[in-house]
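Trainee: Okay, structure incoming, though there's no sequence with it:
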């Protein structure tokens, strides 16, 4: 297997329950009687998702926030989280950050597991939510004629990561350290959108995933895509690919304005030769982050 995409493709043969949505989405959607649950699990690895020596309170915040972002993309109301934690030297700081992020979003810790070991630490979190509309949004509902929208800028996390890594003190690193899941925006958008997902691996690669899932072409317009205030124009292409932005990418019928602050960044076209166009042409090179 060549990496993440191949491994997920192989897992689809096992994930045959309807709740898994063919592993073509960020969450499972499980119907239980009259209730619909939304479930997601994300893991973070030291040296990949956070810097060695970074404040563990920020690591805890990001672990919870990234999972809540998946729920936001489904318009779900969080019910609680389960933590998988590898013990280390900074457990007290991790607990402080965990307390802060759970309080900020009024989400209870329901349980989980702790473990020990050596080497790079891997942390995991499962978030459980309750659907607020039916059908629950997916990546696969974009239709030709829809507009493509984004709730906020890209690139701020990239600049924050580089400033933190390089010890630059005059750049706001908050977007990388403590991202804000768009939970309220997701709930407002959920009954209206064609397709919706959060931007975690890079705007271009996530837009391509939405297009593939929906069987359409997404045509993005570079000048319309908002960039973080610290992103220089020379880094715009990097910002479209870097990820960790956790804004909501969604489509709406052309005549329907969004009920939240958002920027229209393109249009949905009937499927052509390419799933993704940027200023009318397929974007060159790597579209975003892939593991492996």
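Mentor: Looks like it arrived, so ask away. For clarity, every value in this text was computed on a predicted model and none was experimentally measured.
Trainee: can we go C-alpha only for contacts and neighbour counts from here?
Mentor: Noted.
Trainee: Looks like residue 160 contacts residue 174 (just checking).
Mentor: Yes: the pair residue 160 and residue 174 passes the contact test of C-alpha atoms under 8 Å, sitting 6.8 Å apart.
Trainee: Look at these two and report which has more neighbours.
Mentor: Taking neighbours as other C-alpha atoms under 10 Å, residue 160 and residue 174 compare with residue 160 leading, 21 against 16.
Trainee: So residue 224 sits against residue 265, correct?
Mentor: Yes: counting by C-alpha under 8 Å, residue 224 touches residue 265, with 5.0 Å between them.
Trainee: what's around residue 13, how many residues?
Mentor: Residue 13, neighbours per other C-alpha under 10 Å, totals 10.
Trainee: confidence score at it?
Mentor: At residue 13, the pLDDT value in this model is 79.
Trainee: before we move on, what about the one 3 residues further on?
Mentor: Residue 16 is assigned 79 on the pLDDT scale.
Trainee: Look at residue 169 and say how many residues are nearby.
Mentor: Neighbour tally, residue 169, other C-alpha under 10 Å: 9.
Trainee: Please list all residues in contact with the closest residue to it other than its chain neighbours.
Mentor: The shortest distance from residue 169 to any non-neighbouring residue, by C-alpha to C-alpha, 6 or more residues apart in numbering, is to residue 163 (7.0 Å). The neighbours of residue 163, taking C-alpha atoms under 8 Å, 6 or more residues apart in numbering as the test, are 169, 171, 173.
Trainee: number of nearby residues for residue 12?
Mentor: Residue 12 has 15 nearby residues by other C-alpha under 10 Å.
Trainee: show me the residues around it that make contact.
Mentor: 22-23.
Trainee: What ranges does this protein have for its helices?
Mentor: Along the chain, the segments classed as helices by DSSP state H run 4-11, 56-72, 91-104, 156-166, 174-177, 183-189, 203-214, 236-242.
Trainee: Identify all contacting residues around the shortest one.
Mentor: With contacts defined as C-alpha under 8 Å, 6+ apart, helix 174-177 is touched by 58-59, 61-62, 156-158, 160-161, 244-245.
Trainee: Please report the distance of residue 149 from residue 215.
Mentor: According to C-alpha to C-alpha, to the nearest Å, residue 149 and residue 215 sit 18 Å apart.
Trainee: ugh, typo on my part, it should be residue 61
Mentor: According to C-alpha to C-alpha, residue 61 and residue 215 sit 35 Å apart.
Trainee: Compare the two (neighbour count), which wins?
Mentor: Neighbour totals were compared for residue 61 and residue 215, and residue 61 leads with 24 against 19 (other C-alpha under 10 Å).
Trainee: State the number of residues packed around the residue nearest to residue 114 when sequence neighbours are not counted.
Mentor: Distances taken as C-alpha to C-alpha, 6+ apart put residue 85 closest to residue 114, at 4.7 Å, once the chain neighbours are dropped. A count of nearby residues for residue 85, using other C-alpha under 10 Å, gives 19.
Trainee: pLDDT at residue 1, what is it?
Mentor: Note on residue 1: pLDDT of 51.
Trainee: what are the ranges of the strands in the chain?
Mentor: Using DSSP state E, the strands assigned to the chain run over residues 28-32, 35-45, 77-86, 109-115, 122-130, 147-150, 196-198, 216-220, 248-252, 263-270, 276-278.
Trainee: Are there helices or strands packed against the fifth one, and which ones?
Mentor: In this structure, strand 122-130 packs against strand 35-45, helix 56-72, strand 77-86, with contacts taken as 3 or more C-alpha pairs under 8 Å, 6 or more residues apart in numbering; DSSP states H and E.
Trainee: Return the most buried member of those.
Mentor: Of all the helices and strands packed on strand 122-130, helix 56-72 has the most neighbours on average by mean count of other C-alpha atoms under 10 Å, namely a mean of 26.
Trainee: and the angle for it with strand 35-45?
Mentor: Interaxial angle, helix 56-72 versus strand 35-45 (axes from the mean of the first three to the mean of the last three C-alpha atoms, to 10 degrees): 140 degrees.
Trainee: Helix 56-72: how far from the chain's middle?
Mentor: Helix 56-72 has its C-alpha centroid displaced from the chain centroid by 10 Å (C-alpha atoms, centre = their mean, to the nearest Å).
Trainee: Packing partners of it?
Mentor: Going by 3+ C-alpha pairs under 8 Å, 6+ apart, helix 56-72 lies up against strand 35-45, strand 77-86, helix 91-104, strand 122-130, helix 174-177, helix 183-189, strand 196-198.
Trainee: So what angle separates the directions of it and helix 91-104?
Mentor: With the same axes, to 10 degrees applied, the angle from helix 56-72 to helix 91-104 works out at 40 degrees.
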